[in-house]
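*Asks:* pasting the sequence and the predicted coordinates here, then a few questions.
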Amino acid sequence: MSAAPSTAPEPLDPPHPADVTAPSEATPAPEVEAVAAGQAAAVGRAAAEANAAAGAGTTARANTAAGAETAAHADDAAQAAGRTAGELARTAERHAAALLAPPAPTRLGDVVPAPERVEPDATADYLLAADAVIRVSADPAAVAVAGHLAALLRPATGYPLPVTDAATPVPSGGIALDLTGEAAMGEGGYRLDITTDGVRIAGGTAAGLFHGVQTLRQLLPAAVESATPVTERWVLPGGSILDRPRYPHRGAMLDVARHFFGVTDVLRVIDHLARYKLNRLHLHLTDDQGWRIAIDSWPRLATVGGAGAVGDAPGGYYTRADYQRIVAYAAERHITVIPEIDLPGHTHAALTAYGELAPDRIAPPPYTGTEVGFSYVDPASERTYDFVADVLGEIAALTPGRWLHIGGDEAFKVPAEVYAGFVERVQRIVAGLGRDVIGWHQIAPAAHADRRILQWWGTTGEDAVTAEAVRRGARLILSPGNHAYLDMKYAPDTPIGHDWAGLIDVHRAYDWDPANHLADVPAEAVLGVEAPLWTESVTTLAEIEFMLFPRLPAIAELGWSPRSTHDWSAFRERLATHGPRWATAGITYHRSPELPWPTTPVPAPRRPSADDVGQAPVSRLDETPVRPGTAPDRG
């Protein structure tokens, strides 16, 4: 039986400071010194011998003039290479420790999504030390990634991990992030090299460095997800990884319209996407049950249209500042927010706020049900197009990404010819804002617009109308309802979710190929994949996480990894090792019987406060969680 998720923490990955400090400021934490003391006796003799061989021993220098001259030359050579004798000594100590230490607990290939190429080296494990420094290319975007890495590692390790920039960063016993500008790595590709002397991540772009950091995070022990210092050997498996994304669009959709989720909930979802190298967050901002974004020129959309939710649950909306905070937080993690304003259907909340947009010019009462297809703005009214232009214009001004999603699905009461004319006019409005239009695949019959993208959510793999739109120039994002819809139940006894598209266990989420999933659509027309989470029955952050994990990483692997790596047996083994990571991070997840979860105990889930991200949730009209079909207790 699947147990219903109850609670989950609101905190997110720790904010990362932009400060850059000198390596000399690194000081071992007390916890680290205790661990290191236990290893000192074992490695001392080997380190001393290595020090002497490196010319670092002062006693050897004093014995003879010839010895002093030799040592001086060794020091000069070391300094010329940018390394002091002391650094060479520490390197020798690390090498000696590596020879005596047990192997890394994580294998180099246990990464999700699967990398393009993995070359393990069992002799090259690296132990992260208390005095490690993060060296990074002197570029603001790269320095920001280094700050993010330091913020990820400091809580559990207790290490200071100072960040310093360099023209050509080298590990020197620590971690180097090298922004190379290599076009061959593509947008988001990286190379990770782990040796006994440190870690080097090279990326052609800052996004590549960021994705490499997420891989590094996965290769450390699961305890790295702890919010407080842990006594642990922070050892990484030796070898090299070369990795590049298969598709440019790798996303998830969160529906905040049917049930509203505050800012900190959305930020935590962004962290989940970043963890698995997803780079698009599609926010479904408007629907029949609620309008969730403030529009200055039409203020009642949020204050009136945003007041409710499914089952009379509390509503809410994002202020402009809230939305900008979400967009900025995502951008720091190399994720682009794609806002959706659903048109011409799914507009009951807008009509409640402004009856002048309704075909009969009468504002309907609020709607808290889940049936669809009955509402629409009047396609024959010029006031409707003023509304559309105002709303999309304000959203575009707040959104730096290239895309605006116009919905377009399930407008059942609008005649086909009228519907096509409406979509074509809205497409022109989007183009006039300098943006590319995305719509659900129901917009396919409308005339093609340059750079138009259709998001396909069918379940059969056959769609002649969409295939024809592709022949006219449209490109596709694939979200097949029977594989990628994460609001579907895992099994018949899953306590929340639906089953209209079938049950979607982890195997079903993983077992399809975007390149040939839709008949008569060439592989080059597919931009990528997206996993939607609709929220008719999802009401809390814990329930969001329960539906995302462990299926979201399956979709992420389809979008990132080369098809040659696709192997269910290997994937289920790799994915199962992430269970302790999620538990340590306080992530609610479904313990799918398909996966061989580890039996070793893990730390209890952590529950830090909203102060972890510097600000509490805002603009929620009522914080009391309410299940669908019940009335909120407003006291």
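*Replies:* Everything's here; your move. Numbering: from 1, shown residues only.
*Asks:* I'd say residue 318 and residue 337 touch.
*Replies:* No: if you go by CB atoms under 8 Å, residue 318 and residue 337 don't touch, sitting 11.3 Å apart. C-beta: built from backbone N, CA, C; applies to glycine.
*Asks:* average pLDDT for the strand or helix carrying residue 583?
*Replies:* In this structure, residue 583 sits in helix 579-584 according to DSSP states H and E. Here helix 579-584 scores 97 as its mean pLDDT.
*Asks:* one step back: which one's more surrounded, residue 318 and residue 337?
*Replies:* residue 318 (27 against 22; other CB atoms under 10 Å).
*Asks:* the more buried one pairs with what?
*Replies:* Taking DSSP bridges as the rule, residue 318 bridges to residue 293.
*Asks:* check what pLDDT it gets.
*Replies:* What the model reports as pLDDT for residue 318 is 98.
*Asks:* contacting residues around it?
*Replies:* 263, 292-294, 326, 619 (CB atoms under 8 Å, 6 or more residues apart in numbering).
*Asks:* could you check how far it is from residue 156?
*Replies:* As for residue 318, its distance to residue 156 is 32 Å (criterion: CB to CB, to the nearest Å).
*Asks:* what does residue 303 give?
*Replies:* Taking CB to CB, one finds residue 303 at 43 Å from residue 156.
*Asks:* looking at these two now, which is surrounded by more residues?
*Replies:* residue 156 (22 against 13).
*Asks:* which elements pack onto whichever strand or helix holds that one?
*Replies:* Taking DSSP H and E as the criterion, the element that holds residue 156 is helix 140-157. Packing partners of helix 140-157 (3 or more CB pairs under 8 Å, 6 or more residues apart in numbering; DSSP states H and E): strand 134-137, strand 163-166, strand 175-179, helix 206-219.
*Asks:* columns mean pLDDT on top of these, output as TSV?
*Replies:* As requested, the helices and strands packed on helix 140-157 are arranged in TSV below (pLDDT from 0 to 100):
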stretch	mean pLDDT
strand 134-137	98
strand 163-166	97
strand 175-179	98
helix 206-219	98
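*Asks:* mind giving me JSON lines with those and columns for distance to residue 452?
*Replies:* Formatted as JSON lines, the helices and strands packed on helix 140-157 follow (distance: least, CB to CB, whole Å):
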{"stretch": "strand 134-137", "distance to residue 452": "37"}
{"stretch": "strand 163-166", "distance to residue 452": "42"}
{"stretch": "strand 175-179", "distance to residue 452": "34"}
{"stretch": "helix 206-219", "distance to residue 452": "25"}
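*Asks:* turn those into CSV, including mean neighbour count.
*Replies:* Compiled in CSV, the helices and strands packed on helix 140-157 are given as follows (neighbours: other CB atoms under 10 Å):
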stretch, mean neighbour count
strand 134-137, 26
strand 163-166, 20
strand 175-179, 25
helix 206-219, 23
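*Asks:* any idea which of the ones you listed gets closest to residue 539?
*Replies:* Comparison of the helices and strands packed on helix 140-157 against residue 539 by CB to CB identifies helix 206-219 as nearest, at 29.2 Å.
*Asks:* what sits against the closest residue to residue 544 other than its chain neighbours?
*Replies:* Distances taken as CB to CB, 6 or more residues apart in numbering place residue 538 nearest to residue 544, at 5.9 Å, with adjacent residues excluded. With contacts defined as CB under 8 Å, 6+ apart, residue 538 is in contact with 259, 487, 496-497, 544, 547.
*Asks:* out of those, which is nearest to residue 373?
*Replies:* Sorting the contacts of residue 538 by how near they are to residue 373, with CB to CB, puts residue 487 at the top with 17.8 Å.
*Asks:* roughly how far apart are that closest one and residue 445?
*Replies:* 27 Å.
*Asks:* more crowded one of the two?
*Replies:* Using other CB under 10 Å as the criterion, residue 487 and residue 445 rank with residue 487 on top: 23 against 14.
*Asks:* show me what contacts the more buried one?
*Replies:* Applying CB under 8 Å, 6+ apart, the residues near residue 487 are 497-498, 532-538, 547.
*Asks:* ok, residue 574 next?
*Replies:* Residue 574 sits in contact with 109-112, 114, where contact means CB under 8 Å, 6+ apart.
*Asks:* and it, how far from residue 527?
*Replies:* Note on residue 574: its distance to residue 527, by CB to CB, is 26 Å.
*Asks:* can you check residue 133 too?
*Replies:* 39 Å.
*Asks:* higher neighbour count, those two?
*Replies:* Higher neighbour count among residue 133 and residue 527: residue 133, with 27 against 22, using other CB under 10 Å.
*Asks:* the more buried one and residue 164 touch, don't they?
*Replies:* Yes: Residue 133 is in contact with residue 164 according to CB under 8 Å; the separation is 6.1 Å.
*Asks:* could you point out which of the helices and strands packed on helix 140-157 sits nearest residue 231?
*Replies:* Among the helices and strands packed on helix 140-157, helix 206-219 comes nearest to residue 231, with 19.2 Å by CB to CB.
*Asks:* got a list of contacts for the helix or strand following the closest one?
*Replies:* Next helix or strand after helix 206-219 toward the C-terminus (DSSP H and E): strand 235-236. Strand 235-236 is contacted by residues 101, 104-106, 125-128, 194, 199, 216, 219-221 when judged by CB under 8 Å, 6+ apart.
*Asks:* about what we covered before: and the contacts of residue 574, which is closest to residue 508?
*Replies:* Distance to residue 508 across the contacts of residue 574 (CB to CB) is lowest for residue 112, with 17.3 Å.
*Asks:* identify the residues contacting that closest one.
*Replies:* Contacts were defined as CB under 8 Å, 6+ apart; by that measure residue 112 touches 218, 276, 553, 556-557, 571, 574-575, 578.
*Asks:* greatest separation within those residues: which pair is it?
*Replies:* 218 and 571 (14.1 Å).
*Asks:* what helices and strands are in contact with the strand or helix carrying residue 391?
*Replies:* Taking DSSP H and E as the definition, one finds residue 391 inside helix 382-398. The contact analysis (3+ CB pairs under 8 Å, 6+ apart) places helix 382-398 against helix 320-332, strand 336-343, strand 403-407, helix 416-432.
*Asks:* of all the ones you listed, which one is nearest residue 596?
*Replies:* Nearest to residue 596, of all the helices and strands packed on helix 382-398, is helix 320-332, at 33.4 Å by CB to CB.
*Asks:* can you give me the pLDDT of residue 62?
*Replies:* Note for residue 62: predicted pLDDT of 35.
*Asks:* next: residue 548.
*Replies:* Looking at residue 548, the pLDDT reads 98.
*Asks:* phi first, then psi, for it.
*Replies:* Dihedral angles of residue 548 (phi, psi; degrees, to the nearest 10) stand at phi -80, psi -40.
*Asks:* before we move on, what about the one 3 residues further on?
*Replies:* Here is the backbone geometry of residue 551 (degrees, to the nearest 10): phi -80, psi -30.
*Asks:* check the one 5 residues further on too.
*Replies:* Torsion angles at residue 556 (phi, psi; degrees, to the nearest 10) stand at phi -60, psi -40.
*Asks:* now do the contacts for it.
*Replies:* For residue 556, the contact set (CB under 8 Å, 6+ apart) comprises 112-113, 250, 276-278.
*Asks:* need the max-distance pair from the residues you listed.
*Replies:* 112 and 250 (12.8 Å).
*Asks:* which residues touch the closest residue to residue 213 other than its chain neighbours?
*Replies:* Leaving out its chain neighbours, the residue that sits closest to residue 213 by CB to CB, 6+ apart is residue 149, at 4.8 Å. Residue 149 makes contacts with 16, 134, 161, 175, 177, 213, 216, as judged by CB under 8 Å, 6+ apart.
*Asks:* any idea how far residue 149 lies from residue 143?
*Replies:* Residue 149 sits 11 Å away from residue 143 when distances are taken as CB to CB.
*Asks:* point to the helix or strand of the protein where mean pLDDT is at its lowest.
*Replies:* helix 58-63 (a mean of 35; mean pLDDT, DSSP states H and E).
*Asks:* quick one: residue 501 and residue 454, what's the gap?
*Replies:* Using CB to CB, residue 501 is found at 18 Å from residue 454.
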